[in-house]
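Enquirer: got a predicted structure here, sequence first:
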Amino acid sequence: MNPPAPQADPARPRLSARGIGHRIGERKLLHGLDLDVTVGTSLAVVGPSGTGKSTLLAILGGLLAPAEGRVTIDHGHGRSVADSVSWVLQTVNVLPDRTVLDNVALGALADGADWNRARELARPALERVGLATFADRPVRALSGGEVQRTVIARALVSTRPFVLADEPTGQLDAATTTRVMDSLLATTATRGLVVVTHDPTVAHRCTRTVRLTDGRLTHL
Ligand SMILES: Nc1ncnc2c1ncn2[C@@H]1O[C@H](COP(=O)(O)OP(=O)(O)OP(=O)(O)O)[C@@H](O)[C@H]1O
């Protein structure tokens, strides 16, 4: 069971996908999907491998244009969908020769902070994901799970209203998964979170869960 959904607040930013259809080659991947996520809530997207969860996430955050339908943002203070989202992706975009601290600071830099302020904000985020002692290491010297946590910390320092995360705990052990999810869910006080996951313990902690099967969504 997911935790009880909070009362809907019409003034909070909301990311809305309507009638999303998409095909890859001859294969119709997504069939007229509707999906909403509001700041203050978290949404888990589950489903078998290869059903299109990552594709749906990319469409939701404006990385990929859908063949049909549209994604809009309500009460977004004039920001575009793409500018309202920070990403935690499977194909991580890190600067391998820069330090962990600098890679995390990039999240705040992208929001307009200067380097000093961005690094200041990055330190507590690193602590939250258990990487405080790794701050000065180059990212190329990290394990896969440590890189994953670096990318999560970068999303934590961002002030963009939505975090879209693709398998953010895929390379983490159970204790680290709990810690990272604590941090991501804590940000939903002021942000909306969408998590694509194969881990039922992660999905169960989110406000809502949807399952993508055969191109359609079931609300669980
Ligand atoms: N650029 C592409 N070119 C060709 N096929 C693609 C491309 N991107 C995705 N696909 C295919 O589209 C389908 C959906 O991929 P997607 O990554 O969205 O699935 P997923 O549900 O996130 O899978 P997983 O749980 O394994 O990560 C898969 O069969 C994948 O091979």
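Expert: Received, thanks. Residues are numbered from 1 along each chain as shown.
Enquirer: give me the pLDDT for V92.
Expert: V92 carries a pLDDT value of 66.
Enquirer: other residues contacting stretch 17-26?
Expert: Outside stretch 17-26, the residues within contact range by CB atoms under 8 Å, 6 or more residues apart in numbering are 28-36, 52, 55-56, 59-60, 64, 66-72. Any C-beta I mention is one placed from the backbone N, CA and C, and that applies to glycine too.
Enquirer: pretty sure R211 is in a helix, no?
Expert: No. With DSSP: H, G, I helix; E, B strand; the rest coil as the criterion, R211 is strand rather than part of a helix.
Enquirer: next up, the contacts around it.
Expert: Counting by CB under 8 Å, 6+ apart, R211 makes contact with 45-47, 217-218, 220.
Enquirer: mind giving me the PyMOL command for buried ones among the residues you listed?
Expert: Buried members of the contacts of R211, defined by 16 or more other CB atoms under 10 Å, are picked up in PyMOL with:
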select buried, resi 45+46+47+217
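Enquirer: filter the contacts of R211 by proximity to the ligand?
Expert: Filtering the contacts of R211 for proximity to the ligand by CB under 6 Å from any ligand atom leaves G47.
Enquirer: looking at the contacts of R211, which are in strands?
Expert: 45-46, 217-218 (DSSP state E).
Enquirer: which among those residues gets closest to R117?
Expert: Of all the ones in strands among the contacts of R211, V45 has the smallest distance to R117: 33.5 Å, by CB to CB.
Enquirer: and the contacts of the helix or strand where A153 lies?
Expert: Assigned by DSSP states H and E, A153 belongs to helix 144-157. Identification of contacts with helix 144-157 by CB under 8 Å, 6+ apart yields 86-89, 92, 94, 100, 103-108, 118, 121-122, 125-126, 128-131, 134, 139, 142, 163, 165, 168-173, 176, 180, 183-184, 187.
Enquirer: any idea of the pLDDT on the residue of the chain most remote from its centre?
Expert: Distance from the C-alpha centroid of the chain, by CA atoms, centre = their mean, peaks at E26 (28.8 Å). The model reports E26 with a pLDDT of 89.
Enquirer: cool, and I73?
Expert: Here, the pLDDT recorded for I73 equals 94.
Enquirer: isn't it right up against P13?
Expert: Yes. Judged on CB atoms under 8 Å, I73 makes contact with P13 at a distance of 6.2 Å.
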